[in-house]
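1. Make a model of this:
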Amino acid sequence: MNKLSVDTWYAKIGLVSWDFQLKLDNKEQNEKKQNILLMHKFFQIVKELGDFASPSLISFTTTSQGDDTKVFDSYSESEVLGYFRNCDDIEEVNIDLDLNCISSNDEDCEIKQGATLWLQYEKETERVSPVRLVVVLHVDLYSPVTKGKYRDNEELASKNGPRLTSFLSRIVANLNGQLMDIDAPGYSEVVNEYGFISK
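-> The predicted model follows:
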């Protein structure tokens with residue numbers, strides 16, 4: 001894929017995040033094994049990525065062994081499925097995403113590991129659901145005003161912003177997601193629950 005010009009956007013770990021709880025349906029509420037519950041949610045999320053992104057590196061955190069208990073350097077549905085089924089103390093899955101983007105010349109581009117999804121099972125929580133999903137952007141490509149060399153990024157934002165907006169909307173509509181918090185230091189005036197606001 002073609003390389004995106006980086007003059008109008010900026011990359012840094014954890015620029016903006018959207019924190020959701022994923023409410024459970026009746027069947028999910030009766031699921032006793034947290035690894036199976038997280039497995040169902042994981043594959044639902046991957047399905048809803050659509051044209052926004054594709055999964056790359058996948059890492060698992062477990063109660064018994066901690067962070068990065070198992071890491072898949074590339075996404076294999078069968079291998080990830082097998083790990084979910086065979087590991088019963090999974091607490092968190094981190095999913096690095098390669099972002100599918102459109103350049104100013106309307107060419108397809110890719111930003112490697114431009115975002116991360118944190119899927120967590122919280123045994124002790126004040127939330128309605130123990131399942132938490134945090135969408136973390138490491139680039140401000142979707143914002144009309146950025147921290148890039150040239151702050152006006154309206155052109156790329158208008159081309160790519162709808163993909164982010166559609167994905168966040170699908171979390172609410174199809175995954176029963178409820179937005180709990182937005183963390184957007186330096187971007188608060190242009191961020192809302194569905195992505196970035198055009199100028």
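2. Report the rounded mean pLDDT for the top helix by length along the chain.
-> Criterion DSSP state H: the longest helix present in the chain is helix 154-174. Helix 154-174 comes out with an average pLDDT of 96.
3. again, but for stretch 99-114
-> 94.
4. In CSV, could you pull the C-alpha coordinates for that stretch?
-> The C-alpha trace of stretch 99-114 is given here as CSV (Å, rounded to 0.1, in the frame of the first residue of the first chain):
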residue,chain,number,x,y,z
LEU,A,99,-5.5,0.9,10.1
ASN,A,100,-7.0,0.9,6.6
CYS,A,101,-6.8,4.5,5.3
ILE,A,102,-7.3,6.7,2.2
SER,A,103,-4.6,9.1,1.1
SER,A,104,-5.1,12.6,-0.2
ASN,A,105,-4.8,11.0,-3.7
ASP,A,106,-7.6,8.5,-2.9
GLU,A,107,-5.2,5.6,-2.7
ASP,A,108,-5.5,2.8,-0.2
CYS,A,109,-2.9,3.1,2.6
GLU,A,110,-2.1,1.3,5.8
ILE,A,111,-0.8,2.5,9.2
LYS,A,112,0.8,-0.4,11.0
GLN,A,113,-0.4,-0.8,14.6
GLY,A,114,-2.1,2.6,14.5
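5. Would you mark the buried spots in it?
-> 99-103, 109, 111, 113-114 (16 or more other Cβ atoms under 10 Å). From N, CA and C alone the C-beta is placed, and that goes for glycine too.
6. can you pull out the strands in the chain?
-> Ranges of strands in the chain, per DSSP state E, are 11-22, 53-62, 66-72, 90-102, 108-121, 131-139, 177-183, 191-192, 195-196.
7. for the helix or strand bottoming out on mean pLDDT in the chain, the distance to its chain's centre please.
-> Within the chain, no helix or strand scores below helix 26-29, which has a mean of 85 by mean pLDDT, DSSP states H and E. Relative to its chain's centre, helix 26-29 lies at 23 Å (Cα atoms, centre = their mean, to the nearest Å).
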